[in-house]
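[1] Give me coordinates for this.
(chains A, B, C and D)
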There are 4 protein chains.
Amino acid sequence: MHMSFSVAVAGASGYAGGEILRLLLDHPQARIGALTAHSNAGTSLGDHHPHLVDLADRVLEPTSAQVLAGHDVVVLALPHGASGAVAAELEALGEDPVVVDLGADHRLVDAADWEAYYGSPHAGTWTYGLPELVVAETVGRQRERLAGARRIAVPGCNVTAVTLALQPGVAAGLLDTTDLVTVLAVGYSGAGKSLKPHLLASEALGSAVPYAVGGTHRHVPEIAQNLRSAGAAEVRTSFTPVLVPTSRGILATATARLAPGVDVSDDELRAVWRAAYADEPFVRVLPDGRWPTTAATAGANTAHVQVALDARAGRVVAVTAIDNLVKGTAGGAVQSLNLALGLPETLGLPRNGVAP
Amino acid sequence: MHMSFSVAVAGASGYAGGEILRLLLDHPQARIGALTAHSNAGTSLGDHHPHLVDLADRVLEPTSAQVLAGHDVVVLALPHGASGAVAAELEALGEDPVVVDLGADHRLVDAADWEAYYGSPHAGTWTYGLPELVVAETVGRQRERLAGARRIAVPGCNVTAVTLALQPGVAAGLLDTTDLVTVLAVGYSGAGKSLKPHLLASEALGSAVPYAVGGTHRHVPEIAQNLRSAGAAEVRTSFTPVLVPTSRGILATATARLAPGVDVSDDELRAVWRAAYADEPFVRVLPDGRWPTTAATAGANTAHVQVALDARAGRVVAVTAIDNLVKGTAGGAVQSLNLALGLPETLGLPRNGVAP
Amino acid sequence: MHMSFSVAVAGASGYAGGEILRLLLDHPQARIGALTAHSNAGTSLGDHHPHLVDLADRVLEPTSAQVLAGHDVVVLALPHGASGAVAAELEALGEDPVVVDLGADHRLVDAADWEAYYGSPHAGTWTYGLPELVVAETVGRQRERLAGARRIAVPGCNVTAVTLALQPGVAAGLLDTTDLVTVLAVGYSGAGKSLKPHLLASEALGSAVPYAVGGTHRHVPEIAQNLRSAGAAEVRTSFTPVLVPTSRGILATATARLAPGVDVSDDELRAVWRAAYADEPFVRVLPDGRWPTTAATAGANTAHVQVALDARAGRVVAVTAIDNLVKGTAGGAVQSLNLALGLPETLGLPRNGVAP
Amino acid sequence: MHMSFSVAVAGASGYAGGEILRLLLDHPQARIGALTAHSNAGTSLGDHHPHLVDLADRVLEPTSAQVLAGHDVVVLALPHGASGAVAAELEALGEDPVVVDLGADHRLVDAADWEAYYGSPHAGTWTYGLPELVVAETVGRQRERLAGARRIAVPGCNVTAVTLALQPGVAAGLLDTTDLVTVLAVGYSGAGKSLKPHLLASEALGSAVPYAVGGTHRHVPEIAQNLRSAGAAEVRTSFTPVLVPTSRGILATATARLAPGVDVSDDELRAVWRAAYADEPFVRVLPDGRWPTTAATAGANTAHVQVALDARAGRVVAVTAIDNLVKGTAGGAVQSLNLALGLPETLGLPRNGVAP
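    As a prediction, this is how the structure comes out:
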């Protein structure tokens, strides 16, 4: 393939920015252009990401539409609330790159949801970057909408894990979606590089730390949005993330009661999950008796999934492991970008993890 | 106080055995007698527990009734299925020490439960060693039954965490116990020292690893037994433990719907939990807005608890952190033993943890 | 014993402050008085140290001589450079408590050393708080000088580890001290709670991170000072600390050539170390073939030590493990304080660690 | 490039075997053939390496010459002592593949060294697989000898780290090699999957654990062999590995005195190291003031190196970080194999790490 595309990354000194650069370095069609940062402008990328040897000497420029202009693709790895303005400034310059937003600003369809959970005006809705998402109304997948998209909103990492865990059962009408319970073991890189006391190594090592307990996490409405896309009429979910001492990884345990009148065996349940992902290059339903671990997903764009029926409890238990920075952020972004640019969806993306 | 008691520990080379020795070394009334082991007999305690400096040179004897005889108290830290035989042999020798079983053999009241989850004949039921357990039928606590007890079955560590999380709401009639969901982040010491590949450091580091998913964990019927003690008519619970890379600690996230007709605010809910544990020396309901972490419980016999109402999800979310080896095993054992011997319940037990 | 002492702690919200409170809570003679902080004044101790259940509701007062006045003992857990001023202000108020400085200000005897490594004026020299330190000129130990001391400077944590590793050989004249090499694996709590990017959990997990390489670490002159106390004429040491993903613990590997003309076997070497610490309650020379681990020292005031002769390399290799916050800081402080107050040196101090 | 080669891997269920498969999956010329195991024969590769999604369903065959026959390349990831027999059996079948031994059997040139450290007969010497190794006698590098090699012995992982740290100074005649001191922080995967108590997660988490202290480690003679290749007349080194709680990574701290009569500044020293590796694709000398971390090397075949002169101590301190499974084992193997097969040395090998 001789096509190639240039790509600028805004917010290159953060973890999401670094991860998309790691993936783009291995992408056969990507030419890495401007790298920008806010307070870190003027420093070298190697100061922040010494693992990115091939870009270590690149100097970070200030984040501005002028610097980002002139690229085929612009990736925004910015704090919440910043991406809308940058996109508008690019348009004002007459630029129309494909813009991929790794932040939350453009994920939600419903402005009221945004305002309830984020407490600020809604920036608008972009094409949602989860290719595997079931779109019940077209009996298709979100990848169809990503073909040719010019503005892409990459999902929240926890949302991707929970959606992939539950949507086969939702799409098949097996689950009661009005009383979901999800608990996630999450690594620290999901919290970014902000300097907060609870993110210090001394606090994290040897501990398990819940946060945003009681339904306040901003990923809650996005999960509901996705499961409605997959066919749910009403979605209510309890959602509890627990920080555990790993740098990467999300292990989502998601449970739902069987929908009224549904009678299904453990084997049948697994067959439904297996069928739902049979053609998905980046979702692996594990063999019977095997359960996902986050270590097996490290560095890879693959989600590992398993499901069981707990007949005594009357609940389906689905577990998904992903690398929050890859399938949960930068890998999902590249996968969506491939679709937007008309490239093979899997181009340049690792399926195999780095373990142990 | 001039009373003192001699205590032998069978299974002293394992983690539970080591932990009860750590606590007994600081107990003002305990005199540590025979220490026994199975395959490790003949080695020094310091070979297995180099942290126990004061006992490092003690040689482990073979586990037998003869060696364990002649003590006021015998603690059994043995694999499942072994404690019944040892207790019987002690009786056959005419010995009648207080026996504290850290294993599972004598926890369950219902032999059918035992057989369903353990697949072997039931050894019988001993006095359950969770002093804080609500006993609804007497409107009291389990500590009343522990006074003067001669045979004590220490609860499973996960069970203690889940019970303490939920029982205030159960006892107050606030929760629908027919559809509980519990997910636990657990440290590796709970799995003991058995040499299994998935317990290797290389596998554990950087990973989150679920196991016994789908309702097969042996702690499930014990949770139900406890919540029935606290007043539940019927208990059904989904239960998913997730190994996380810490050596100690359990963080239990437990959710329940409000019982039909119950209307309660977040503040009222916390007041119920706070009242339930107001007089408990080893349960701390955290201040509003603070959530338990396992690091804060390390080395201590204290459970940290917090609760919230997730109104959108329609669920109460209760979180408990404990040190699985202390409040979850050896500390709970000493606390129960104190009660059995008529000593102050808190004697020799640490309330403050070792952190960071 | 009916004597008791009141103690105030300045800098109570930091890790060193929290640790000395943990120990003082278990000290039978200590009455904990004022707790102060700088930016955290007005918050509760439990906000910073949720593991200290017994003090969780205590409100932190601003650090000032007025607040610290009226106590028998004042512990200063302050940043470098702050303790001299506080001590002077206390004197100005006519106060003369025993003052224990956990910081570096008063450790060094030689003002030129201080200025070379710290770059600021020297605050003066207090009685050095390492009771086990050999004082060659009196053929005694530092504990003799600590009896009745009114101003105590607690050693640097790395210094304690290296000193205990090497001083038996120095005191016996076995080692060439002009070319020592020390490399230390150190936990993150030694770096305190300062909000620096390299101290974030995401950076620490899965990594080993050297710092202050090339002889710039401020503990270098203090090591030399101690080994001169133990009998060395001239001391030169390479010193490289490596952060490893643990919250606590220092494992110091210290090597020295045998002094010219010395011929000694491995067994004889170990006998020298064993004899040097035979009467020390808080130093354990391990059995032959056993090497220290930091896990075995967690929470304890005990240093674990072992030594070997590497005949091929021509070097003695001595290894010490300590808990940096206990024997390395707060435990060493309490031990020295006990001596200063005429109490038994071991009073209230744990010898056994918390493991695994 | 249209050439391709088939490769069989013996010992595929271990960590080294899994890692070379991960790399070969991304190698554009490799076709993965037979995968064999000993006790794990008959199981699926995914049972042992769930991260290798693309090979998860491959069934492991028994390790035998018959199964390994018919491939262009055979990689042996076997315990010490097993590779010589397999190679002989292949020859007996008339097979002559390129054989790459990840084990120790064929690394040492001197049979007496082998017998002194391994205690068994020497299997012979194969072409040493460290392309960057300086060969002073030809004023070249080892890569010249690897061109066209048919039998390759991959270095020990610790040896690679120490060699790369010190050889620039050795080759330049700057260092006194008769008194080297090396201390290494090492991750647990280097110890393999053997089921030993000290490799359990509970023992590893929160600890730093030295082993083979006092000069007994089998990598000692191999380090000497390499530094003699780089120009040293006599090599004596103290060597202390310390297990730290990471799954991957080696951080080697290596120190040497300047050779008699050498006078060099810190800047000049760094210039020597920088020049030595200026053309090396897989060795990065970091910018001034930056020190290697193992996290930056995870998953990559790149060694990160830095050096400083500690003028006060009179020692050069060089630090190298590598991923023990990549540059230390499987990556170094593929790099050497590329050379042996006449392929570009860097083909299929990652230079950038996976962090955080």
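[2] can I see the domain layout of chain A?
    As assigned by automatic domain parsing, chain A contains the domains A:5-154+A:327-340, A:158-324.
[3] Need the winner for burial among the ones you listed.
    domain A:158-324 (a mean of 23; mean count of other Cβ atoms under 10 Å in any protein chain shown). C-beta coordinates here come from the backbone N, C-alpha and C atoms, glycine included.
[4] Turn the domains of chain A into a markdown table, columns for distance to C:Val220 and mean pLDDT.
    What follows is those, written out as a markdown table (distance: least, Cβ to Cβ, whole Å; pLDDT from 0 to 100):
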| stretch | distance to C:Val220 | mean pLDDT |
| --- | --- | --- |
| domain A:5-154+A:327-340 | 26 | 97 |
| domain A:158-324 | 24 | 97 |
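[5] in what helix or strand does A:Glu132 lie?
    Here A:Glu132 sits in a region with no helix or strand, counting by DSSP states H and E.
[6] actually A:Val74, sorry about that
    Following DSSP H and E, one finds A:Val74 within strand A:73-76.
[7] which other helices and strands contact that strand?
    If contacts are counted by 3 or more Cβ pairs under 8 Å, 6 or more residues apart in numbering or on different chains; DSSP states H and E, strand A:73-76 sits against strand A:5-10, helix A:83-92, strand A:98-101.
[8] Could you list the paired strands of whichever helix or strand A:Ala321 is part of along with their orientation?
    Using DSSP H and E, A:Ala321 sits within strand A:315-322. Sheet pairing for strand A:315-322, assigned by DSSP bridges, gives strand A:250-258 (antiparallel), strand A:303-310 (antiparallel).
[9] can you tell which of the domains of chain A is closest to D:Ile32?
    Within the domains of chain A, the stretch nearest D:Ile32 is domain A:158-324; the backing value is 17.7 Å (Cβ to Cβ).
[10] Relative to the whole chain's centre, how far out is stretch A:132-152?
    Relative to its chain's centre, stretch A:132-152 lies at 15 Å (Cα atoms, centre = their mean, to the nearest Å).
[11] For it, C-alpha coordinates in CSV please.
    The C-alpha trace of stretch A:132-152 is given here as CSV (Å, rounded to 0.1, in the frame of the first residue of the first chain):
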residue,chain,number,x,y,z
GLU,A,132,-17.2,-3.4,17.7
LEU,A,133,-20.2,-1.6,19.1
VAL,A,134,-23.4,-3.3,18.1
VAL,A,135,-25.8,-0.8,16.4
ALA,A,136,-29.1,-2.5,16.9
GLU,A,137,-31.1,-0.2,14.7
THR,A,138,-29.1,-1.1,11.6
VAL,A,139,-28.3,-4.6,12.8
GLY,A,140,-24.7,-3.7,12.2
ARG,A,141,-21.6,-2.4,14.0
GLN,A,142,-20.2,1.0,14.6
ARG,A,143,-17.4,0.4,12.2
GLU,A,144,-19.8,1.1,9.3
ARG,A,145,-20.3,4.6,10.7
LEU,A,146,-16.6,5.1,11.1
ALA,A,147,-15.8,4.6,7.4
GLY,A,148,-14.9,8.0,6.1
ALA,A,149,-15.6,9.7,9.4
ARG,A,150,-13.8,13.1,9.9
ARG,A,151,-14.4,13.6,13.7
ILE,A,152,-13.9,10.6,16.0
